[in-house]
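S.K.: Here you go, sequence then predicted model.
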Amino acid sequence: MRATQTEIEEAVEALRAGELVVFPTETVYGLGANAANPAAVARIFEVKGRPADHPVIVHLDNPRYLHRWVAEMPPVAERLAAQFWPGPLTLILPKAANVNDVVTGGQNSIGVRVPSHPIAQQLLTAFGGGIAAPSANRFGRLSPTKPEHVREEFGDTVRVVLDGGEAQIGLESTIVSCLDGRVQLLRPGFITRSQLEQVVGEVAVGGPAPRAPGDRSIHYAPGTPLEIVAGDDLETRAGEMVARQEKVAVLAMRPPLQTQRNMTWINAGKKPDAYGHNLYNHLRTLDRAGCARILVQAPPQEERWAAVLDRLQRASGMAEDSLELSAG
């Protein structure tokens, strides 16, 4: 899917005028501003309700422009970029001296990514610069995977929304820090820890780390309280709520053993990529059901499910170190 030349020109004009533009990436939709315009980037924080110390990711169309944003490119980062860019990988690197603190949350590091989505590439190439872009949603809420999700969040607040259809992956990028001679996984995503280690050797998890998008203990959350429940306990927990005349929503990996009144049940299946692709859309559907609580069946403790588990734990407000998972 590609945008028309008129759509791209309108988006580029908006960016150059300091306005915000929503554009698709292969992960989720981004809320973009000219990364070299501090006032425009500050507008992202204002619209999202994003804390000022929470850094944003700078998107580029090609690694050859990294020198404008990055002070140095460690060899491990070069290998990761060569393997996974363009694609759903964000690298945390030492920032160049000219980069404004509003982009980095006041840190000496910067997150950069080269997305693979054709419309993102069209926009970045036509703009000819870096676009700072977190997900196009209110801070801490469910990320948008469709353009209509963006309109639900922002209405007419953002004038230009490039429609790229449904996001291919549906979960945010993998974030890897390449600082101080250490490779550290900060946020799991479509690219797994094992895949990273095949390129650079050991990848650390846990310990001191720079602030990064999505690192808050409560994040990616629907408005309805969410609780992770063991699969064997789903019907019991749902039945308890129904008995109290409460409406309950369930996101499971199987059909219900029996249907119950006042229970909304989605069977998301057992394939991790498909589950992750549909996760935010399913949670939005259940959030609109007007229930007292969303019960989510606990996913398997396997590496392929690490990104899903991370998002669910943060959505429930019970984020833990979910990355120490067996490869499977």
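M.R.: Noted; the coordinates are in hand.
S.K.: From here on, just use CA atoms for contacts and neighbour counts.
M.R.: Will do.
S.K.: Do a quick rundown of the strands in the protein.
M.R.: 21-24, 29-34, 57-59, 89-94, 109-113, 131-132, 160-161, 174-179, 182-187, 204-205, 226-229, 248-252, 263-267, 293-297 (DSSP state E).
S.K.: Return the list of helices and strands in contact with the first one.
M.R.: Contacts of strand 21-24 with other secondary structure elements, assessed using 3 or more CA pairs under 8 Å, 6 or more residues apart in numbering; DSSP states H and E, are made with helix 5-16, strand 29-34, helix 118-127, strand 160-161.
S.K.: With the fifth one instead?
M.R.: Other elements packing on strand 109-113 under the criterion 3+ CA pairs under 8 Å, 6+ apart are strand 57-59, strand 89-94, helix 101-104.
S.K.: ok, how many other residues are close to Pro86?
M.R.: Using other CA atoms under 10 Å, Pro86 has 18 other residues around it.
S.K.: who's the closest residue to Ile266 other than its chain neighbours bridged to?
M.R.: Excluding the flanking residues, the one nearest Ile266 by CA to CA, 6 or more residues apart in numbering is Leu251, at 5.0 Å. Leu251 has these beta-bridge partners by DSSP bridges: Ile266, Val296.
S.K.: correct me, but Leu251 touches Lys270?
M.R.: No: if you go by CA atoms under 8 Å, Leu251 and Lys270 don't touch, sitting 11.7 Å apart.
S.K.: So if I had to pick from these two, which one is more boxed in?
M.R.: In this view Leu251 and Lys270 are compared by other CA under 10 Å, and Leu251 has more residues nearby, 24 against 13.
S.K.: What confidence value was assigned to that one?
M.R.: Residue-level confidence at Leu251 comes out at 98, pLDDT.
S.K.: Leu323 now?
M.R.: You'll see Leu323 listed with a pLDDT of 36.
S.K.: can you check Met1 too?
M.R.: 82.
S.K.: Show the contacting residues for it.
M.R.: Pro118, Ile119, Gly164, Gly165 (CA atoms under 8 Å, 6 or more residues apart in numbering).
S.K.: Same check on Ala167?
M.R.: Pro24, Thr25, Glu26, Thr27, Val28, Tyr29, Thr145, Lys146, His277.
S.K.: Over to Ala97?
M.R.: Ala71.
S.K.: Ala11 now?
M.R.: Ala11 neighbours (CA under 8 Å, 6+ apart): Val21, Leu123, Val160, Leu162.
S.K.: now for those, which pair is the farthest apart?
M.R.: Leu123 and Val160 (12.1 Å; CA to CA).
S.K.: Just want to know which of these two has more residues nearby.
M.R.: The residue with more neighbours, out of Leu123 and Val160, is Leu123; 24 against 19, by other CA under 10 Å.
S.K.: Could you double-check that the more buried one lies in contact with Thr6?
M.R.: No: the criterion here is CA under 8 Å, and Leu123 misses it with Thr6 at 11.3 Å.
S.K.: picking up where we left off before, can you redo the strands of the chain as TSV, where the extra columns are distance to Val150?
M.R.: As requested, those are arranged in TSV below (distance: least, CA to CA, whole Å):
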stretch	distance to Val150
strand 21-24	8
strand 29-34	8
strand 57-59	18
strand 89-94	22
strand 109-113	21
strand 131-132	17
strand 160-161	8
strand 174-179	22
strand 182-187	23
strand 204-205	32
strand 226-229	22
strand 248-252	23
strand 263-267	23
strand 293-297	22
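S.K.: closest to Ala306 out of these?
M.R.: Taking these one by one with CA to CA, strand 182-187 is closest: 9.3 Å.
S.K.: CA-only coordinates of that closest one, as PDB, when you get a sec.
M.R.: The C-alpha trace of strand 182-187 is given here as PDB (Å, rounded to 0.1, in the frame of the first residue of the first chain):
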ATOM      1  CA  ARG A 182      26.600  -3.400  26.400                       C
ATOM      2  CA  VAL A 183      23.700  -4.800  24.300                       C
ATOM      3  CA  GLN A 184      20.500  -4.700  26.400                       C
ATOM      4  CA  LEU A 185      16.900  -5.600  25.500                       C
ATOM      5  CA  LEU A 186      14.600  -2.900  26.800                       C
ATOM      6  CA  ARG A 187      11.300  -3.800  25.200                       C
END
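S.K.: Give the buried residues for stretch 270-281.
M.R.: For stretch 270-281, the neighbour count (16 or more other CA atoms under 10 Å) marks Pro272, Asp273, Tyr275, Gly276, His277, Asn278, Leu279, Tyr280, Asn281 as buried.
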